[in-house]
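**Student:** how would this look folded up:
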Amino acid sequence: MRRHSRRRRIAIALALAAAGGLGTVTVLPAMAQEPEEDPVAWGDCAETVPGGERMECATIAVPLDYDEPDGRTIDVAVSRLASTNPEERRGVLLLNPGGPGGSGLGQPVEMADLGLPGGVTDAYDLIGMDPRGVGLSTPVSCGFTDEQGHRGNVPPYAADDAEVAAQAEYARTVAEQCAANDTEGLMPHMTTANTARDMDAVRAALGEEELSFYGASYGSVLGAAYASLFPDTSGQVVIDSNVEGTALDYRAQRRWGTEFEPNFAYFAEWAAERDGAYGLGATPEAVEDTFFRLADQLAAEPVGEYDGALFRFIVFVSLYGEDSFSGAARLWQSLDAGDAPAADRILGEMDLPEPVGDAAAVSQYDNTWSAYLAVTCNDADWPENLAVYQETAAADREAHPMFGGAGANVNPCAFWANDPLEPQVEITDEGPANVLIVQNELDVATPLPGAEANREAFGDRSRLVTVEGFGHGVYVYGDNACALNTTTAFLLTGELPEDDVHCEA
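**Tutor:** Numbers count the residues shown, from 1 in each chain. You can find the predicted model right below:
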């Protein structure tokens, strides 16, 4: 892979590989639908589906616009890892890996291989899904190229008002590019609410009375929207690593800065204990000093393509889990030594998805980032005044100097071609007690306050499981036995814990 594609690789790291399937059935629901008499005709998965040889795949036609249920349709691709014990089967469990923009077709096999308890794989058909606009689900495209790199979705540090203004000009060109490339009129209908409606269409097509759900990160947004729009057909709903509410909005983006420091402290302690190996500092304070020195050093004189903004973002991504710490520490060493080839090699060894071939990588980057922008910009009203971004970036730069004003900086939503077509879904506390919220206390991407806000909004419909843990992802993706057992029991019995649960490390 060419070196100039490294920034794009990091952007892709937040999504999974694109995939596909075959077999089509048409469903046209505007609201909750009765199960179809003729269920989906499953077929072989495409070779590009991770683990596809162990699953079945299909596509389901759904309305582009649910206000016009008899109008134009688009495809939604789904996969199925069937129950391992049909006698114990209780339904279907649809999975979402996050994003928005992440493909979920391979997630059933991924979660099974990560250690999803046998009771759950007995009880459910695991359903993967490429959300509308993603992968083979009638994909959207802004026409992003390899040369555009990471500038669209890796927010610059925003050192001053002039840098925010420069980012605004670039963000405007991206928004205009997306509008110009949306020749099929797909973009305005890319919303969390519509994806939740697609989920209920999948439920109906599968002939199921209810749909259970597991989603992490942005998947928590989708799960919260589904449980609120379709309380009568939602089964067990598990939302993990929570964004607050039913949209990834400007406030959620700014939260990335608020949690950088406490999560970095976890890495700093780890690195200080291994100073003999990595030389980043003998104390957590010394490791923090090294971070600022390297960030400033790279901002003044980049090593290859690694500038200060990219360095800060790599550190941000490395805080998703402790398994990235060793690679991150070695990357710091290489950048401090001015060794770009070594940094490239180490980055390639880190646990980041690597598409096969540059052409495939560009296509995946384009689709992933296009879908991310469309859903993010359509779900909420974003500030349109440059002065607002300059003011908030300055405030965040002072309050959170490690991530700076990056989370408050301008993205293309400020210049998006269309306003949201409907209000953001409101979480409802009216409905069955069927929402389990699981959350690590330290999570750089989706901080604990998001989970606490969701617990309050769902009220008695929900319970909150907090873990004295670090990282992005709790159930199966983490290793806390208390959280694993509590979540599994809920999925198998449908009964929430009597009270909120606190799991010790």
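
**Student:** What about residue 104, how many residues nearby?
**Tutor:** If you count neighbours by other C-beta atoms under 10 Å, residue 104 ends up with 28. All C-beta atoms are positioned from the backbone trio N, CA, C, and that covers glycine.

**Student:** swap in residue 272?
**Tutor:** Considering only other C-beta under 10 Å, residue 272 is surrounded by 18 other residues.

**Student:** Could you pull out the strands in this protein for me?
**Tutor:** 24-26, 43-44, 56-63, 73-81, 91-96, 124-130, 211-217, 234-242, 435-442, 462-470, 501-503 (DSSP state E).

**Student:** packing partners for the shortest one?
**Tutor:** Same thing as strand 43-44. For strand 43-44, the packing partners by 3 or more C-beta pairs under 8 Å, 6 or more residues apart in numbering; DSSP states H and E come out as strand 56-63.

**Student:** Report all helices and strands that the strand it packs on contacts.
**Tutor:** Judged by 3+ C-beta pairs under 8 Å, 6+ apart, strand 56-63 is in contact with strand 24-26, strand 43-44, strand 73-81, helix 192-205.

**Student:** Adding mean neighbour count, write those out as a markdown table.
**Tutor:** Formatted as a markdown table, these follow (neighbours: other C-beta atoms under 10 Å):
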| stretch | mean neighbour count |
| --- | --- |
| strand 24-26 | 15 |
| strand 43-44 | 14 |
| strand 73-81 | 25 |
| helix 192-205 | 25 |
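
**Student:** Switch the ones you listed over to CSV; also include mean pLDDT and distance to residue 502.
**Tutor:** Shown next, in CSV, are the helices and strands packed on strand 56-63 (pLDDT from 0 to 100; distance: least, C-beta to C-beta, whole Å):
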stretch, mean pLDDT, distance to residue 502
strand 24-26, 32, 44
strand 43-44, 97, 45
strand 73-81, 98, 32
helix 192-205, 98, 29
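
**Student:** export the ones you listed to a markdown table and tack on distance to residue 160?
**Tutor:** Shown next, in a markdown table, are these (distance: least, C-beta to C-beta, whole Å):
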| stretch | distance to residue 160 |
| --- | --- |
| strand 24-26 | 53 |
| strand 43-44 | 55 |
| strand 73-81 | 43 |
| helix 192-205 | 34 |
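
**Student:** dump the residue contacts of residue 138.
**Tutor:** Residue 138 makes contact with 74, 75, 76, 132, 186 under the criterion C-beta atoms under 8 Å, 6 or more residues apart in numbering.

**Student:** ditto for residue 460
**Tutor:** 429, 433.

**Student:** what's the spacing between the nearest residue in space to residue 296 that is not next to it in sequence and residue 297?
**Tutor:** Excluding the flanking residues, the one nearest residue 296 by C-beta to C-beta, 6 or more residues apart in numbering is residue 308, at 6.7 Å. Separation of residue 308 from residue 297 (C-beta to C-beta, to the nearest Å): 8 Å.

**Student:** Looking at the two, which one has more neighbours?
**Tutor:** More neighbours surround residue 308 than the other of residue 308 and residue 297, with 20 against 16 (other C-beta under 10 Å).

**Student:** hang on, that one packs against residue 291?
**Tutor:** No - with contact defined as C-beta atoms under 8 Å, residue 308 does not count as touching residue 291 (10.7 Å).
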